[in-house]
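Enquirer: Requesting a structural model of the entry that follows:
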Amino acid sequence: MEFEIFAKDHKTKARAGELTTDHGKIQTPIFMPVGTVGSVKGVNQKDLVEDVKAQIILGNTYHLYLRPGMETMQMAGGLHKFINWDRPLLTDSGGYQVFSLSDNRKLKEDGAHFRSHIDGSKHIFTPENIVDIQRQIGADIIMAFDECTPYPCDYDYAKKSMELTHRWLGRGLKRFDETDPLYGHKQTFFPIVQGSVFKDLRIESAKTIASHERDGYAIGGLSVGEPVEDMYDMIDVVNEILPQEKPRYLMGVGTPVNILEGIARGVDMFDCVMPTRNGRNGMLFTREGIINIRNIKWKNDFSAIEENGASFVDTKFSKAYLRHLIRSKEILGAQIASLHNLSFYLWLVTEARERILDGTFAEWKNKMVQKLANRL
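Expert: Model prediction:
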């Protein structure tokens, strides 16, 4: 994988770049729709390409490992072929999902022992077999197996967790370097910075991660309940240390405001389930603020969801119609809302990129942050 930076904003740490993978180029900053089980909920691949303008999507190792399983995955020729997606893919290692099963897993030095949320069967994830599984899935960018610390947690827990993540990283990197991709395209391995909201731990973790000299780096363990000010502080701390010439991926973040603030702090890649999850529940993100389409005020509003918008989704759909669909629990309502929100997120990062390139990012970002937090 190659990464080239084309421009940097002179008032912030934002940068516009381009990632090159064997499945295509990715313009950064970028938002990556989440396709946990090989499907971005409610959105087919044609719409992801034509309406959303998605350049890369995510799959999740934990869920794909359990279902459909690696035998099916390999017989299909990997996730790209299985879901008919010819653009780049990234897989999360499954660490967050495993550690969220607090009542059904045990954390040991060798790995994470857990029971499937589907049928209760016993499994183990280790730094080594997580690499093997992600080789079988075949994503262009794969993640190290780490522990995502909960919030809040005490300092000692965060430190021990970070140190375990670092030991696991060494094992995972060894397995990655000893093995080859299975499907004829290159794969890139991203280590993950941890350390909760403790500055010294984040500094130590970022230095350790950077020392491995990989093609990109991820920032994990944020947007898990901590105040946003703490999240922004940790991004600042980490990005002072991670190599300037390599891409930075902020995992699981977040709101449109979070994304703009992350871009301003030098983050290049984002993912979050919020556009689709919130969309299915009637929350729409627009350039003027947030709409709860369930509210009575939209009952007879026949204007477009995004007026004078950037062709997010078919503007023939009105707010009144979408409200009717959502309140009636019609699948089409969830689909329209998801398409709109995903398209908005991709518009947002694309516009941010253009503003970085033309030197107006800081002023534009400050105005957008004010508007995007509005409840309409």
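
Enquirer: per-residue confidence at the most far-flung residue of the chain relative to its centre?
Expert: For the chain, the C-alpha lying farthest from the average C-alpha position belongs to N300; by Cα atoms, centre = their mean, that distance is 35.7 Å. pLDDT for N300: 98.

Enquirer: Hmm, A320 and it touching each other?
Expert: Yes. Applying Cβ atoms under 8 Å as the test, N300 and A320 come out as touching, 5.7 Å apart. Yep, even glycine has a C-beta here, placed from its N, CA and C like the rest.

Enquirer: Check for me that F270 belongs to a strand.
Expert: Yes. Going by DSSP: H, G, I helix; E, B strand; the rest coil, the assignment for F270 places it inside a strand.

Enquirer: ok, back up a step: what separates the residue farthest from the centre of the chain from V273, distance-wise?
Expert: When distance is defined by Cβ to Cβ, to the nearest Å, N300 is 31 Å away from V273.

Enquirer: and stretch 80-99, which residues are buried?
Expert: Taking 16 or more other Cβ atoms under 10 Å as the basis for neighbour counts, the residues of stretch 80-99 that come out buried are 80, 82-83, 85, 87-99.

Enquirer: tell me the contacts of P256?
Expert: 285, 344-345, 348, 368, 372 (Cβ atoms under 8 Å, 6 or more residues apart in numbering).

Enquirer: Could you do I56 as well?
Expert: For I56, the set of contacting residues under the criterion of Cβ under 8 Å, 6+ apart consists of 26, 30, 32, 87-90, 140.

Enquirer: Need the distance between the two termini of stretch 48-68.
Expert: Start and end residues of stretch 48-68 are separated by 22 Å (Cα to Cα, to the nearest Å).

Enquirer: Off-centre distance for it?
Expert: Distance, stretch centre to chain centre, for stretch 48-68: 10 Å (Cα atoms, centre = their mean, to the nearest Å).

Enquirer: buried stuff in that stretch?
Expert: For stretch 48-68, a neighbour-count test (16+ other Cβ under 10 Å) marks 48, 51-66 as buried.

Enquirer: now do stretch 198-211
Expert: Those would be 198, 201-206, 208-210, for stretch 198-211 by 16+ other Cβ under 10 Å.

Enquirer: ditto for stretch 18-28
Expert: Neighbour counts using 16+ other Cβ under 10 Å place 18-19, 21, 23, 26-28 of stretch 18-28 among the buried residues.

Enquirer: Low-confidence ranges, the stretch 51-200 of the chain, go.
Expert: Low-confidence segments of the stretch 51-200 of the chain, defined by pLDDT under 70, are absent; every residue clears the threshold.

Enquirer: So which residues of it form strands?
Expert: Secondary structure of the stretch 51-200 of the chain (DSSP state E, counting those that start in this stretch): strands at 57-60, 89-92, 105-107, 112-115, 122-125, 141-143, 188-190, 192-193.

Enquirer: List the pairing partners of the fifth one within its sheet, with orientation.
Expert: Paired with strand 122-125 in the same sheet, following DSSP bridges, are strand 112-115 (antiparallel).

Enquirer: cool, the third one as well?
Expert: Counting by DSSP bridges, the strands paired with strand 105-107 are strand 112-115 (antiparallel).

Enquirer: Extract the C-alpha set from the partner strand and format it as PDB.
Expert: Coordinates of the C-alpha atoms in strand 112-115 are reproduced here as PDB (Å, rounded to 0.1, in the frame of the first residue of the first chain):
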ATOM      1  CA  ALA A 112      -9.200 -14.300  24.200                       C
ATOM      2  CA  HIS A 113     -11.300 -17.300  25.000                       C
ATOM      3  CA  PHE A 114     -15.000 -16.700  24.300                       C
ATOM      4  CA  ARG A 115     -18.400 -18.200  23.500                       C
END
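
Enquirer: So for I291, what's the nearest residue that isn't a sequence neighbour?
Expert: What sits nearest to I291 in space, not counting adjacent residues and going by Cβ to Cβ, 6 or more residues apart in numbering, is L284, at 4.3 Å.

Enquirer: So E229 versus D200, what's the distance?
Expert: Distance check for E229 against D200: by Cβ to Cβ, it reads 18 Å.

Enquirer: nope, G17 is what I was after
Expert: Spatial separation of G17 from D200 under the definition Cβ to Cβ is 30 Å.

Enquirer: per-residue confidence averaged over the helix or strand containing I356?
Expert: Assigning secondary structure by DSSP states H and E places I356 in helix 331-358. The pLDDT scores in helix 331-358 average 96.
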